[in-house]
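**Q** Sequence plus predicted model, see below.
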Amino acid sequence: MYEGWLSDDETFIVLAEVPDGPVGYAFVTVGPGYAGWRTGRLAELQTLSVLPLYRGEDIGGSLLAGVWRRLEEREVDEIAITTALVNVDSHRFYERHGFQPAFLLYYGKRERFEG
């Protein structure tokens, strides 16, 4: 998926680096928005990751700020983020940075019967 996204000119990555090298990144795609919900062009934060040793230093916040700057250049005002329901640390992080839950995604997997 990432390889395909990278072929799109609107996809971008923001890196967080220290003198020893990269410590985190944000991977963002931009698309037309949701069909059933009124939005303009919509960014999706596909991945935001910070090395465990550097968490708690607001590197994630700096990455989000970098994402917003890049989106401003593209005149994109909205970001969607998907995170696992059990990842409450990420919920707190995004809420601290002004995001609010908007959808609830239900996931199911059918059982396979052998016989």
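**A** Now that the structure is in, tell me what you want to look at. Because the structure is predicted, anything quoted here is derived from the model rather than measured.
**Q** quick one, longest helix in the chain?
**A** Ranked by residue count and defined by DSSP state H, the top helix of the chain is helix 59-73.
**Q** State the number of residues packed around the residue nearest to V23 when sequence neighbours are not counted.
**A** If the residues on either side of it in the chain are set aside, V23 comes closest to Y54, at 4.5 Å by C-beta to C-beta, 6 or more residues apart in numbering. All C-beta spots, glycine's among them, are computed from the backbone N, C-alpha and C. The burial metric for Y54, expressed as a neighbour count using other C-beta atoms under 10 Å, is 14.
**Q** Y54 contacts Y25, correct?
**A** No. Y54 is beyond contact range of Y25, at 11.8 Å (criterion: C-beta atoms under 8 Å).
**Q** joint contacts of these two?
**A** Among the neighbours of Y54, those also in contact with Y25 (C-beta atoms under 8 Å, 6 or more residues apart in numbering) are A16.
**Q** got the angle for the longest strand anywhere in the chain vs helix 59-73?
**A** Among all segments of the chain classified by DSSP state E, the strand with the greatest residue count is strand 21-31. Put simply, strand 21-31 runs at 40 degrees to helix 59-73, going by axes from the mean of the first three to the mean of the last three C-alpha atoms, to 10 degrees.
**Q** Okay then, goodbye and thanks.
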